[in-house]
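>>> Need coordinates for the following:
(chains A and B)
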2 protein chains.
Amino acid sequence: MTYKVIGNSVNRVDAIAKVTGKAKYVDDFFERDMLVGKVLRSPYAHAIVKNIDVSRAKALNGVEAVITHMDLPKIKFSTAGHPWSLDPDHRDIEDRLILTDKARFVGDGVAAVIAVNELIAEKALKLIEVEYEILPHVIDPEEAIKPGAPVVHEERPNNIISSFGAEYGDIEAEFKNSDYVFEGIYETSIVQHCHIENHTSYAYIDTDGRIVIISSTQIPHIVKRIVGQALGLPWGRIRVIKPYVGGGFGNKQDVIIEPLTAAMTLAVKGRPVRYRMTREEAFIDTRTRHAMKFSLKTAVSKEGKLTGIYVGDIVNNGAYASHGHSVAMSAGSKFRPLYNFRSIKFDPKTVYTNLPTAGAMRGYGVPQICFALESHLDDIAREMNIDPIEFRNQNLISAGHMDPLTKNVVRTFGIPECIEKGKELINWDEKKKRYKNQSGERRRGIGMACFSYLSGTHPVALELAGARIIMNQDGSVQLQVSAAEIGQGSDTVLAQMAAEVLGLSMDMVHVIASQDTDVSPFDTGAYASRQTFVTGAAVKKAAVEVRQKVLELAMKKTGLCGDELDMQDAQIIEKRTGRVVCSLEDIAMESYYDRVNASPISSDITENVRINATAYGVTFAEVEVDMKVGKIEVLEIYNVHDSGVIINPKLAEGQVNGGVSMGLGYALSEQLLFDKKTGKPLNNNLLDYKLQTILDTPEIGVAFVEKYEPAGSFGQKSLGENPSISPAPAIRNAVLDATGIAFNKIPMNPQAVFEKFKEAGLL
Amino acid sequence: MTYKVIGNSVNRVDAIAKVTGKAKYVDDFFERDMLVGKVLRSPYAHAIVKNIDVSRAKALNGVEAVITHMDLPKIKFSTAGHPWSLDPDHRDIEDRLILTDKARFVGDGVAAVIAVNELIAEKALKLIEVEYEILPHVIDPEEAIKPGAPVVHEERPNNIISSFGAEYGDIEAEFKNSDYVFEGIYETSIVQHCHIENHTSYAYIDTDGRIVIISSTQIPHIVKRIVGQALGLPWGRIRVIKPYVGGGFGNKQDVIIEPLTAAMTLAVKGRPVRYRMTREEAFIDTRTRHAMKFSLKTAVSKEGKLTGIYVGDIVNNGAYASHGHSVAMSAGSKFRPLYNFRSIKFDPKTVYTNLPTAGAMRGYGVPQICFALESHLDDIAREMNIDPIEFRNQNLISAGHMDPLTKNVVRTFGIPECIEKGKELINWDEKKKRYKNQSGERRRGIGMACFSYLSGTHPVALELAGARIIMNQDGSVQLQVSAAEIGQGSDTVLAQMAAEVLGLSMDMVHVIASQDTDVSPFDTGAYASRQTFVTGAAVKKAAVEVRQKVLELAMKKTGLCGDELDMQDAQIIEKRTGRVVCSLEDIAMESYYDRVNASPISSDITENVRINATAYGVTFAEVEVDMKVGKIEVLEIYNVHDSGVIINPKLAEGQVNGGVSMGLGYALSEQLLFDKKTGKPLNNNLLDYKLQTILDTPEIGVAFVEKYEPAGSFGQKSLGENPSISPAPAIRNAVLDATGIAFNKIPMNPQAVFEKFKEAGLL
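Now for the predicted structure:
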């Protein structure tokens, strides 16, 4: 395939809007006399709300309303941003109220104030008197599943949200018959997305009596549905508008603030109310990435063939289910199309605890399992004295692999080429030799890790996307989608696709930069790295329909056969000779103004995407460990991706840079901490929560192995979440290489490194 | 046909928005740091702009830019809001620049200032020094066509814009062979629309480099086209947004302020600029209704049969062509399908003068010709001593009539029934007798007049409308059109149509209340009373498509045949038994979430409406004339309309009330006056321009003769402009009845009445 626009590093369509500050985010919109909503949060990790006296708060001048669970429908709902399912068994767990009658973590919302300004709202919060019955709490999932543990939700007395796993082959037989069986425990910590723009929204009731919500969300159409569900209103009475969004990373794939914002405007007869979280609130009452503790047990033949793996997984889900059950399932399925295990048993337990709720975060379970598996493989290779690359190479699946459970077929498999490229980039063989047997105060090492990542939700759930294209009289087009641009660049790559099919330059494709559920074609939103793949298919379908309409008119006009015609540079040309037959403008003008046949060219389609593709990649890292202070410095890091055809190399590189940066934090510094005794957060602010800064970040090497993926509309696979998956284990394996110490828990911050070195007698 | 929603007086969909003040008009939108544009206008009626020195204005602190014709493209364009034509011979006359190099009327724009606020802009205007070469001017069209008259546009040395008429039969033979030939001269004056909201718009350049214009317009898609043409830009680089509009009556069917507003933002590198006319500016630099002077000559047999008519028409078009040529054509064609003339010759001359430009105004030439013709018929009847109703009745066409020139067929003709009803309402026969031979100081009389009105532009021009319907999960729908709600209620009647086809209550149809040329389906806009008829056909087509999709899914679900199923009250029912088969919500939910077949139900269509229908009506009026002071009081007035099926009686009644009120002003008081020597306007403000007030207005009687019109999608014909057409001649004929004096010129204000009475020796 030769493309003209696809594969080019065109500028982002929102570049100028963003660098000039003209892009409008939720907080840039104002309504006259907008009120402010604020939430009163439980100071206890687990406590029944026995009574709430809001009378003093209500009496405060400037307070318009105070609401508690008693003022709201007693409807339990789920916040998880998944496509709705007609099958009740496929729905998310509905376990929460808009404002709770029982606090399940420190920060759980028990009341809300709507006031004329923020100061008065804050003051009013202090006037609300809540009588709590404090209950014992539990924050460790292993404690939570023990008999007699505090029960977070009455409906699940054992605190287990889900233990739905996956199994094929005969894992017990593998262990019995195997030459070797290796075991290991691997743990990840609670981290958070830390998008620049906190959760923010405002709502009002329009003169049609409908609730209009303007929100910073990844999933406007799902917000519409869930607000309807949470409030017990017909979904058509909710309208959601999404302007520019300052990052989400999965945290805005949850419908967290919108039901409450809607309830707030309902409480003040539809006057506009803004509910905007502070960073401190966002840290505890949005979502986190699940901490997982894996018990791996692996059967290996003496030739180094992996034959079976058992993956136990204890998942700390926090107070409400949200995405809980499906994040573990994602971990248990997305790692499979990579190594050739004959038998697999994935055995998770997703557990309620009295902590902030975990949800979707870039990678959706895969960064966790990738850390465990890829660390484990290095541990095995080391034990068996096999080169870790060699070990992996001899166990890889190959194209044509079909997952025994999902039946998903791997059509392109670029891991071997990714490994080859990564080796070269980092100078693997030379460094491997050089760094053998170090003993100084600063020791260097290299490591690598692979991952597989299946984008979208097919075949588990619905994959639907819509696209609408409208051609102007000059042949330029508007492209309208509900795929949510949240900074990842989807508007740009989707515009490239339309430009490609229609033979237009990018300045002739105008993307409607905001979504409005009233008119934007239905699409479930930005998650699961689905937009380039799934919405891309919809955009292609719409563009092909427009192209066909154009060529049909050109045929009528010229008498030439449609097969002979092509669209290039806003012209209709004869393919064979390249001769310009007429301009696209001629055709568009006739479509608008032909007295008899006028019908402006457009397309408004839905694509139900029932195919999927697994993307792949590897990270190679070189570290230097300061043995005395326990500091790990990443000297070089390379992510090599097999994401099929790359639509926009510059954007793709940016995506990888961001993802690797998150991976560095995950590996080395980030961790949301809680006081064990009280369940209170200890570092829910950007000073104490240690994000990687630019000074901590090495130059990030990015490379792509481009294979044309037949399932992708332009040969593409996903790239959104992928780059953040494998850095942590690659760094961990590099530290192992440098020091001989196997870190089985992240983050490997100086304190943890120091303690481990001490334990190992290195200090 | 039995309808459930059609024919009901449902509330306006924008009622609450408007009465609560929440409806947003152009001036309710603000952009940060919005600049203000102001125009310097010529004080001379005719003068070459020899030189403009803007240096002092530019130097004023707070002035961001000053522009003149020298800064703008030398592209002549037309402002007339017509559908574009691919045929150059069918296009409007392109005779103006955005800012002129030759002033052609007092008020012609020669320069514009863009400043940080209105005061500074006003101040800057005074600092602009223009050197004019003053030319002789002409304001009387009969003078203007004389040899040696001042030439308004070099391209038309005889000042005639158009003399394109219409003719069939042999008019000279009719006169030659006729028993009687009657002649008369009838004149109308220059009046104006006086919509509440003056012309206002603002524009900026978005970060995509496109010009975005928010404007109070009837024709957003045409504004897009004409701004592109005026600035020489590809049309796709213009985006027009129309919020709520405070009236237009045709004055916003002209692209008057938007090209300049766009030029203003271009002059300040895309910063937002608002250009808002004052009432005084709007009176002179928007559009007026053409004053026309008719010379009628009519052949009548001794039995009172009309056989031929010659209509000479001198049309005062003012300084620029705008709609000029087509308003006369409209007058000359729309009166034809009413009386059975064997021969007609319509012989117009539309003439440039140095006055404000005339354009489209409610009725589009028909109020003028109706005044002439219906006055003339009464004069003839009086002369021949035939009852004026009897005279008309014996000359009416009948259903089946085909216009020899347009080939347009009259399918329903309700004039006889309208006359019958009107006679009853006003108690014609009794009063006719009672008011014979009066001689007091206060004399009463009754009169009537008929009209025919062909809506839309078919078969002369393109009639295209778009509609998009999107079904929500609860079965409710959004309706998106580009038909422009400008106060006339089109959003409401279009929503009724969608509700009717889909079996929904009105609260389940959500009309998108604003138009955006980027995403609203193409429609040429609000004019020619086309929306209920033309856009109605599009809405029906879209709704029928949605209905078919729903019923297909219902068939699949139930196994029942589609013919057996119907949609009622948001349910799918079995027609025969009325049994509920499933809810519409069930179907909608499956369309959204069926794992295999999901495809949300929607329709995005264009309808090329190539059929038309002539609407009819009569006015009956009773007046009392105060002979001494020359004051005419309208005691009773009834408009009886044949507009086919009435979609919403309450709205229709409102439409008639408004139209009759305009007709009263046209007949009795309104007239825009100019100083003959200088061409300066004398009463361009609402104090001196005499609109009818509520105190001048009698209770307006409204009745409908509802015939199902097969050309209408729901049996409807037009009603928008119609009510304003026939009041003036009916009142004039009543005055004739009361006093014996034939007023052949309107307005019949006290001064004119007094003079005429004096002239007739009555005083």
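
>>> Mind checking what helix or strand follows the longest helix seen in chain A in sequence?
When every helix of chain A is counted residue by residue (DSSP state H), the longest turns out to be helix A:536-558. Later in the chain than helix A:536-558, the nearest helix or strand by DSSP states H and E is strand A:565-568.

>>> and that next one, which strands flank it?
Here the strand partners of strand A:565-568, with direction, are listed using DSSP bridges: strand A:571-574 (antiparallel).

>>> In the partner strand, which residues are buried?
A:571-573 (16 or more other Cβ atoms under 10 Å in any protein chain shown). Backbone N, C-alpha and C define where each C-beta goes, glycine included.

>>> With pLDDT as extra columns, can I get those in JSON lines?
Below are the buried residues of strand A:571-574 laid out as JSON lines (pLDDT from 0 to 100):
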{"residue": "A:Q571", "pLDDT": "97"}
{"residue": "A:I572", "pLDDT": "97"}
{"residue": "A:I573", "pLDDT": "97"}
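
>>> about what we covered before: and the longest helix of chain A, how far out from the chain middle?
Mean-position distance between helix A:536-558 and its chain equals 34 Å (Cα atoms, centre = their mean, to the nearest Å).

>>> Nearest to B:P600 among the buried residues of strand A:571-574?
Looking at the buried residues of strand A:571-574 and their distance to B:P600, the nearest is A:I572, at 32.8 Å (Cβ to Cβ).

>>> Just list whatever residues bridge to the closest one.
A:M567, A:C582.

>>> Verify the stated contact: it with A:E585.
No. A:I572 is beyond contact range of A:E585, at 10.1 Å (criterion: Cβ atoms under 8 Å).

>>> pLDDT on stretch A:48-61, on average?
For stretch A:48-61, the mean per-residue pLDDT is 98.

>>> Check which residues of that stretch are buried.
A:49, A:52, A:54, A:57, A:60.

>>> Quickly list what the second one is bridged to.
Looking back up the chat, that one is A:I52. Counting by DSSP bridges, A:I52 forms beta bridges with A:V130.

>>> Next, work out how far apart the nearest residue to A:Q571 once chain neighbours are set aside and chain B are.
In space, and not counting its chain neighbours, A:Q571 is closest to A:V580: 4.8 Å by Cβ to Cβ, 6 or more residues apart in numbering or on different chains. Separation of A:V580 from chain B (Cβ to the nearest Cβ, to the nearest Å): 18 Å.

>>> Could you list every helix and strand that the longest helix of chain A packs against?
Packing contacts for helix A:536-558, counted by 3 or more Cβ pairs under 8 Å, 6 or more residues apart in numbering or on different chains; DSSP states H and E, involve strand A:464-471, strand A:477-481, helix A:490-502, strand A:565-568, strand A:571-574, strand A:580-583, helix A:584-593, strand A:602-608.

>>> so which of those is the most packed in?
Comparing the helices and strands packed on helix A:536-558 by mean neighbour count (mean count of other Cβ atoms under 10 Å in any protein chain shown), strand A:464-471 ranks first with a mean of 27.

>>> and that strand, what's its mean pLDDT?
For strand A:464-471, mean pLDDT rounds to 97.

>>> same check, this time on stretch A:202-215
The average pLDDT within stretch A:202-215 is 97.

>>> Dump the buried residues of stretch A:48-61 into JSON lines; add secondary structure and distance to A:D95 as well.
Below are the buried residues of stretch A:48-61 laid out as JSON lines (DSSP: H, G, I helix; E, B strand; the rest coil; distance: Cβ to Cβ, whole Å):
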{"residue": "A:V49", "secondary structure": "strand", "distance to A:D95": "16"}
{"residue": "A:I52", "secondary structure": "strand", "distance to A:D95": "21"}
{"residue": "A:V54", "secondary structure": "coil", "distance to A:D95": "25"}
{"residue": "A:A57", "secondary structure": "helix", "distance to A:D95": "28"}
{"residue": "A:L60", "secondary structure": "coil", "distance to A:D95": "33"}
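
>>> nearest to chain B, of these?
Using Cβ to the nearest Cβ, A:L60 is the member of the buried residues of stretch A:48-61 that lies nearest chain B, at 27.6 Å.

>>> Next up, the contacts around A:S78.
Neighbour list for A:S78: A:91-96, A:226, A:321-322 [criterion: Cβ atoms under 8 Å, 6 or more residues apart in numbering or on different chains].

>>> which ones among the residues you listed are found in strands?
With DSSP state E as the criterion, strands contain none of the contacts of A:S78.

>>> Go through those and flag which are in helices.
A:I226.

>>> Show me how the record splits chain A into domains.
For chain A, automatic domain parsing gives the domain ranges A:31-135+A:199-276, A:288-458+A:611-759, A:464-608.

>>> Tell me which of the ones you listed lies nearest to B:R434.
Per Cβ to Cβ, nearest to B:R434 of the domains of chain A: domain A:31-135+A:199-276, 50.5 Å.

>>> Is the host helix or strand of A:A230 positioned near chain B?
Secondary structure from DSSP H and E places A:A230 in helix A:220-231. Yes. Shown here: helix A:220-231 in contact with chain B (Cβ under 8 Å from any Cβ of the partner chain) through A:225, A:228.

>>> swap in stretch A:595-612?
Yes. Applying Cβ under 8 Å from any Cβ, one finds stretch A:595-612 touching chain B at A:595-600, A:602, A:604, A:606, A:608, A:610.

>>> got the CA positions of that stretch in PDB?
This file holds the C-alpha atoms of stretch A:595-612, laid out as PDB (Å, rounded to 0.1, in the frame of the first residue of the first chain):
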ATOM      1  CA  ARG A 595     -31.600  21.800 -10.300                       C
ATOM      2  CA  VAL A 596     -32.900  18.300 -10.700                       C
ATOM      3  CA  ASN A 597     -30.500  16.000  -8.900                       C
ATOM      4  CA  ALA A 598     -29.000  18.200  -6.100                       C
ATOM      5  CA  SER A 599     -28.100  16.200  -3.000                       C
ATOM      6  CA  PRO A 600     -25.000  17.500  -1.200                       C
ATOM      7  CA  ILE A 601     -22.500  14.700  -0.700                       C
ATOM      8  CA  SER A 602     -22.300  13.400   2.800                       C
ATOM      9  CA  SER A 603     -22.100  10.200   4.800                       C
ATOM     10  CA  ASP A 604     -23.400   9.400   8.300                       C
ATOM     11  CA  ILE A 605     -22.500   5.900   9.200                       C
ATOM     12  CA  THR A 606     -22.000   3.400  12.000                       C
ATOM     13  CA  GLU A 607     -19.400   0.700  11.800                       C
ATOM     14  CA  ASN A 608     -19.700  -2.400  14.000                       C
ATOM     15  CA  VAL A 609     -16.100  -3.500  14.200                       C
ATOM     16  CA  ARG A 610     -16.000  -7.200  14.700                       C
ATOM     17  CA  ILE A 611     -12.400  -7.900  14.200                       C
ATOM     18  CA  ASN A 612      -9.400  -7.100  16.300                       C
END
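
>>> tell me the mean pLDDT over that stretch?
Here the average pLDDT along stretch A:595-612 is 95.

>>> and what of stretch A:228-241?
Mean pLDDT, stretch A:228-241: 98.

>>> Mind listing what's buried along it?
So for stretch A:228-241, counting by 16+ other Cβ under 10 Å, buried means A:228-231, A:233-241.
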